[in-house]
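Participant: test case, fold it:
(chains A, B, C and D, ligands or ions: 2)
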Amino acid sequence: MYQEVILDHYKNPHGRGLRDGDAEVHHVNPTCGDEITLRVKYDGTTITDVSYEGQGCSISQASASVLNELLVGKELSDAQKIQETFLELMQSKGRIEPDDAMEEVLEDAVAFAGVSKYPARVKCALLSWMAWKDATAQALGGADAERKTA
Amino acid sequence: MYQEVILDHYKNPHGRGLRDGDAEVHHVNPTCGDEITLRVKYDGTTITDVSYEGQGCSISQASASVLNELLVGKELSDAQKIQETFLELMQSKGRIEPDDAMEEVLEDAVAFAGVSKYPARVKCALLSWMAWKDATAQALGGADAERKTA
Amino acid sequence: MTQLPGLLDTEAIRKDFPILDRQVHDGRKLVYLDNAATSQKPRQVLDALSEYYERYNANVHRGVHVLAEEATALYEGARDKVAEFINAPSRDEVIFTKNASESLNLVANMLGWADEPYRVDRETEIVITEMEHHSNIVPWQLLAQRTGAKLKWFGLTDDGRLDLSNIDEVITEKTKIVSFVLVSNILGTVNPVEAIVRRAQEVGALVCIDASQAAPHMPLDVQALQADFVAFTGHKMCGPTGIGVLWGRQELLEDLPPFLGGGEMIETVSMHSSTYAPAPHKFEAGTPPIAQAVGLGAAIDYLNSLGMDKILAHEQAITEYAVRRLTEVPDLRIIGPATAEERGAAISFTLGDIHPHDVGQVLDEQGIAVRVGHHCARPVCLRYGIPATTRASFYLYSTPAEIDALVEGLEHVRNFFG
Amino acid sequence: MTQLPGLLDTEAIRKDFPILDRQVHDGRKLVYLDNAATSQKPRQVLDALSEYYERYNANVHRGVHVLAEEATALYEGARDKVAEFINAPSRDEVIFTKNASESLNLVANMLGWADEPYRVDRETEIVITEMEHHSNIVPWQLLAQRTGAKLKWFGLTDDGRLDLSNIDEVITEKTKIVSFVLVSNILGTVNPVEAIVRRAQEVGALVCIDASQAAPHMPLDVQALQADFVAFTGHKMCGPTGIGVLWGRQELLEDLPPFLGGGEMIETVSMHSSTYAPAPHKFEAGTPPIAQAVGLGAAIDYLNSLGMDKILAHEQAITEYAVRRLTEVPDLRIIGPATAEERGAAISFTLGDIHPHDVGQVLDEQGIAVRVGHHCARPVCLRYGIPATTRASFYLYSTPAEIDALVEGLEHVRNFFG
Ligand SMILES: Cc1ncc(COP(=O)(O)O)c(C=O)c1O
Ligand SMILES: Cc1ncc(COP(=O)(O)O)c(C=O)c1O
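Facilitator: Ligands and ions are numbered 1, 2, ... in the order given. Reported below is the predicted structural model:
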């Protein structure tokens, strides 16, 4: 599961650190103590920044880095599509072999395909993505922004 | 386990019915609903009557009848010896083969030896004997006369 | 051999149950008619247990090693099987407990510690029935004592059915919870769920159904029942001992407080305070009965392979035959519905004034295993003025020949004590 | 192969455990170092389970037929074995539960509903420690919330031991109960029972000991401990899942109220009120984990056949070796006592800033099963300012070669993330 891409992101994370934002959330994965504090900044429906700080395993750290790289600069609707595709991949229990179309959407994030075989680690990979979703709902006035990941 | 003697006592119980007494107790066997109300009458330390009324299986009924036959007219100390011997036999899990000495003490009650192999029925055989013990304690001023059989 | 329409192929089925070959009392073939107390287990279930321990055993959740992941997948897979078996809207509504008794206590305690609108307190009422198993009486008596709530109940008719004639007085605006048995373990009665649920919903009361004697014997659909909670127990449905189920509606499980505290049921713990995991984990403190859940899953596979509707048909045929044959026995009085309509496969009776203990013992000497006593439903015995009953209860491997053996055995009992 | 004095004949022993032959990840030999989470089961225990179901299975108590009597004798026989194993003054002091968590919740709930002098209420205090398993924290938090009692605890020293320096302020005249772990599942610390019990007795507080990590590993003598309650769990001591034990002093079990209500725990039931059976049955509602108790009995036979003192010596030798080898690994920091004195066979550590999840995963790829996370003792992680640890834990079948494999595995982890 430890693809080179994942290790790279882990060792050299993109956009780490907390910067100014429209909303902030704090998510924890109670099973392992992974934590993330994440802020989103929007210009209308364009994501201008996703900044974060946290502790966790290589998977959760790399995933946050990939998220930052993928989503910053995107339109909300595109970002949502990426998030949904990533979620689908991660919940596939190793049954999805990413095809070209999926690779186009997910870019580096396809490297996480192997993680989906490890139920205990899926939550690590999703931690930042769930945090982003909540923060976005909060920033743009959506519901249940306070909900923690399960 | 159903010795002829037991069946006889069951079909023709001795001394059944409630008569005048110095103390009365009510015991139940919660597992099967067997119940007995038992009264003892003493003249000093001589047992002049054990009267009883109740419902229950052949074992508990026959046992009460045997008790009446054995104990009425006895001195308390002899009766206690009989009670203890009977208790020992019933708790023997079928391991005691009654010898002549035991037969002399227990008379008809040795017929219950086979019952001791059946844990679920031992309580039936002991119901009236425990009631008698409590009633006696109560009549003669002993302790914990109110305790129910477990 | 007696042939009845609707019977399962018991000859094949009985090969799956090693214990049914057992001989007792010097060579007498075991006739096991104590299925309402517990069922026997097919080899398929025993194999699943052994396989679990020999290949996958590990503590579940939170593990990153292979065994932990496999054990978790098996344990959670069993939850999926149960959810499907009872047609639960969501797998997260299935809570594993140790037995039906824990499941029922769990409901009582959730409500005892709940906030409004669920809270049971001195202003409120709890409704049960006179035909409940002690496990659906005592938890509510304890709750009533501890909260000051009033405990009320439906009485019984002479023919062993619920007396619902005063339903509007029993279930009132004050009622918070109505808990009743779907199939009585002592009378065999199948209760009219719809009428009770309708009235409960009218007054906004929750409904808890004790399906311990239903789940093993008939298709169970928690959505069709329209209940809020449904409890049952693994060991009566071909599963291992040590496992029970509580199904509860999701929003209730979200709102209601936890019962047992400990590992597995938490989200995050500090010395000062803790938060709880979402259901079902919130209600599963400590290492769960992992192997037992896996065994229950295998039992469900087994039941499904026969088909719950076929099992029901089999038992109806057997029960009808048993009622017919038993009514031929002189002095025998069935306690409960005297016909095979709306009744399950447990038949209680008295035999003249021969005490059930004696009936059971003499049957046992012939290799016939029945249960005698109050069957953990003493109020029913009080209601019918009897100290105890003898109960014969059937399952998917029961045969007409076993009924015949029972009837013969009872003749012998009558002669013996006659 | 490394030879250490005091080792058991693990070559012979490992043949009893089918799972230890398992290969994982394409042919890697399983190195199972997750014994503090759950132990593996010897064939003797699996055979006892199968035999129970294949020959004796019936519901216990109240039965007059052969199977019911045999099953009851086996179930109650298991109670005798447990009583002897822990040197209980009476077999009636041994209560079967589903796990240690239920045992601990049982104590908390007994006290919550008790009358004076046991009653826990807003005037009183509960004492635990910062190194408890969540199962010995959350029940007391719930009790404190629900009764208004104050929850206090002992902190930890930097080297992973209880800080008892302020014992007289922590345990006071207001203290009703002191509940603490005998051997920590995360730190490995063996706690000084005597000092705590002495102070508790001084102020008249009850003492509850969580022996979940002690019972499997060392001789346990409840009389020597002088505690009032001792809890442990079957699955960590070669027994099945789904079975736990609470031992309690007889007069307490007589005085304290029941917890779960239902079948088996009653003396007599009417709709209006019920009376309860004497202990231990008062605390065992519903059909008990019968097969699991029988399996636990077989596990105890197995442990006795090796000898608990020999098992302890084996584990001490292994632990000493492990501590020595692990301290050689660069960047490895043991969380808990850094020596083998007064410590059990569970060793937690961090490895530089590599997250334990990653350590565990890369070890797993090599076939080495360890546990990572907070080990249901999150306050310990908070105390030492770490998110989680990696924990290797040993048992009677663990070998020096497995420690060597662990150390090599850790080298590989360091290179991988270096
Ligand atoms: C110290 C300690 N206490 C309590 C428990 C809880 O045991 P169980 O999960 O079997 O209830 C455990 C193990 O999980 C433990 O290690
Ligand atoms: C109707 C009914 N409810 C509840 C129970 C309790 O089940 P368990 O003993 O498995 O908790 C039983 C069986 O004993 C039962 O027949």
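Participant: packing partners of the helix ranked longest in chain A?
Facilitator: Identified as the longest helix of chain A according to DSSP state H is helix A:119-139. Helices and strands touching helix A:119-139, by 3 or more CB pairs under 8 Å, 6 or more residues apart in numbering or on different chains; DSSP states H and E, are strand A:23-29, strand A:34-43, strand A:46-55, helix A:58-71, helix A:76-90, helix C:66-85, helix D:356-365. Quick note: C-beta positions are derived from backbone N, CA and C, even for glycine.
Participant: show me how far that helix is from its chain's centre.
Facilitator: Computed by CA atoms, centre = their mean, to the nearest Å, the chain-centroid distance of helix A:119-139 equals 6 Å.
Participant: what's the mean pLDDT across it?
Facilitator: Averaged across helix A:119-139, pLDDT comes to 94.
Participant: just want the angle from that helix to strand A:34-43.
Facilitator: Helix A:119-139 and strand A:34-43 are oriented at 30 degrees to each other (axes from the mean of the first three to the mean of the last three CA atoms, to 10 degrees).
Participant: buried stuff in helix A:119-139?
Facilitator: For helix A:119-139, burial by neighbour count (16 or more other CB atoms under 10 Å in any protein chain shown) applies to A:119-139.
Participant: ditto for stretch C:82-98
Facilitator: So, applying 16+ other CB under 10 Å, buried residues of stretch C:82-98: C:82-83, C:85-86, C:88, C:92-98.
Participant: what bits of chain A have low per-residue confidence?
Facilitator: For chain A, the stretches with pLDDT under 70 are A:142-150.
Participant: what's near enough to touch the residue lying closest to A:Val40 once chain neighbours are set aside?
Facilitator: Leaving aside its sequence neighbours, A:Val40 sits nearest to A:Ala135 (CB to CB, 6 or more residues apart in numbering or on different chains; 4.4 Å). Residues near A:Ala135 by CB atoms under 8 Å, 6 or more residues apart in numbering or on different chains: A:21, A:23-25, A:38-40, A:145.
Participant: and A:Ala135, how far from C:Val181?
Facilitator: Using CB to CB, to the nearest Å, A:Ala135 is found at 50 Å from C:Val181.
Participant: got the phi and psi for the residue nearest to A:Lys117 when sequence neighbours are not counted?
Facilitator: Nearest residue to A:Lys117, sequence neighbours excluded (CB to CB, 6+ apart): A:Gly94, at 3.5 Å. Note on A:Gly94: its backbone torsions stand at phi 80, psi 10 [degrees, to the nearest 10].
Participant: what is the neighbour count of A:Gly94?
Facilitator: When neighbours are defined as other CB atoms under 10 Å in any protein chain shown, A:Gly94 has 13 of them.
Participant: for A:Gln83, same thing?
Facilitator: A:Gln83 has 20 neighbours, counted by other CB under 10 Å.
Participant: near A:Glu104, how many other residues are there?
Facilitator: Applying other CB under 10 Å, we find 11 other residues in the vicinity of A:Glu104.
Participant: need the phi and psi values for it.
Facilitator: Per-residue torsions, A:Glu104: phi -60, psi -40 (degrees, to the nearest 10).
Participant: those residues of chain A touching chain D, which are they?
Facilitator: Applying CB under 8 Å from any CB of the partner chain, we find that chain A lies next to chain D at A:1-2, A:7, A:10, A:31-35, A:55-59, A:61, A:118, A:121, A:124.
Participant: just give the nearest non-adjacent residue to the spatially most central residue of chain C, would you?
Facilitator: For chain C, the residue nearest the mean C-alpha position is C:Ser212 (1.1 Å; CA atoms, centre = their mean). Spatial nearest neighbour of C:Ser212, chain neighbours left out: C:Ala100 (4.4 Å); criterion: CB to CB, 6+ apart.
Participant: distance of that neighbour from C:Glu84?
Facilitator: C:Ala100 is 20 Å from C:Glu84, by CB to CB.
Participant: ok, now C:Arg55?
Facilitator: As judged by CB to CB, C:Arg55 and C:Glu84 stand 24 Å apart.
Participant: chain B contacts on the stretch 251-400 of chain C?
Facilitator: C:355-358, C:361-362, C:372-374, C:378, C:381, C:387-388.
Participant: kindly indicate which of the residues you listed lies nearest D:Val222.
Facilitator: Of all these, D:Val222 sits closest to C:Gly373, with 34.2 Å by CB to CB.
Participant: picking up where we left off before, for the helices and strands packed on helix A:119-139, which one sits closest to ligand 2?
Facilitator: Nearest to ligand 2, of all the helices and strands packed on helix A:119-139, is helix C:66-85, at 15.1 Å by CB to the nearest ligand atom.
Participant: which non-adjacent residue is nearest C:Ser101?
Facilitator: Excluding the flanking residues, the one nearest C:Ser101 by CB to CB, 6+ apart is D:Gly286, at 2.6 Å.
Participant: helix, strand, or coil at the one you found?
Facilitator: What DSSP: H, G, I helix; E, B strand; the rest coil gives for D:Gly286 is coil.
Participant: per-residue pLDDT, it?
Facilitator: 97.
Participant: give me the phi and psi for it.
Facilitator: Here D:Gly286 shows phi and psi, under degrees, to the nearest 10, equal to phi 80, psi 180.
Participant: who's in contact with C:Phe259?
Facilitator: C:105-106, C:109-110, C:113, C:283, C:285.
Participant: which one of these sits in the busiest neighbourhood?
Facilitator: Among the contacts of C:Phe259, the one with the most neighbours (other CB under 10 Å) is C:Asn105, at 29 neighbours.
Participant: name the helices or strands packed onto the helix or strand where that one lies?
Facilitator: If you go by DSSP states H and E, C:Asn105 is part of helix C:100-112. The contact analysis (3+ CB pairs under 8 Å, 6+ apart) places helix C:100-112 against strand C:94-97, helix C:138-147, strand C:175-181, strand C:206-210, strand C:229-233, strand C:244-248.
Participant: let's see that with 10 Å instead.
Facilitator: Applying 3 or more CB pairs under 10 Å, 6 or more residues apart in numbering or on different chains; DSSP states H and E, one finds that helix C:100-112 makes contact with strand C:94-97, helix C:138-147, strand C:175-181, strand C:206-210, strand C:229-233, strand C:244-248, helix C:250-255.
Participant: that helix and ligand 2, are they touching?
Facilitator: Yes. Helix C:100-112 lies within reach of ligand 2 by CB under 6 Å from any ligand atom, at C:100-101.
Participant: is that helix up against ligand 1 anywhere?
Facilitator: No. On the criterion CB under 6 Å from any ligand atom, helix C:100-112 is out of touch with ligand 1, staying 13.9 Å away.
Participant: what's the first helix or strand after that helix?
Facilitator: strand C:125-129.
Participant: partners of that following strand in the sheet?
Facilitator: Sheet pairing of strand C:125-129 (DSSP bridges) gives strand C:150-154 (parallel), strand C:175-181 (parallel).
Participant: can you tell me the average pLDDT over that strand?
Facilitator: Averaging pLDDT along strand C:125-129 gives 98.
Participant: mind checking how far that strand is from the chain centre?
Facilitator: Its chain's C-alpha centre and that of strand C:125-129 lie 19 Å apart, by CA atoms, centre = their mean.
Participant: SS state for the closest residue to C:Leu33 other than its chain neighbours?
Facilitator: Nearest non-adjacent residue to C:Leu33, counting by CB to CB, 6+ apart: C:Ala392, 4.3 Å away. Classification of C:Ala392 using three-state DSSP returns strand.
Participant: quick one on the thing from earlier: the residue nearest to A:Val40 and A:Tyr42: what is the separation?
Facilitator: 10 Å.
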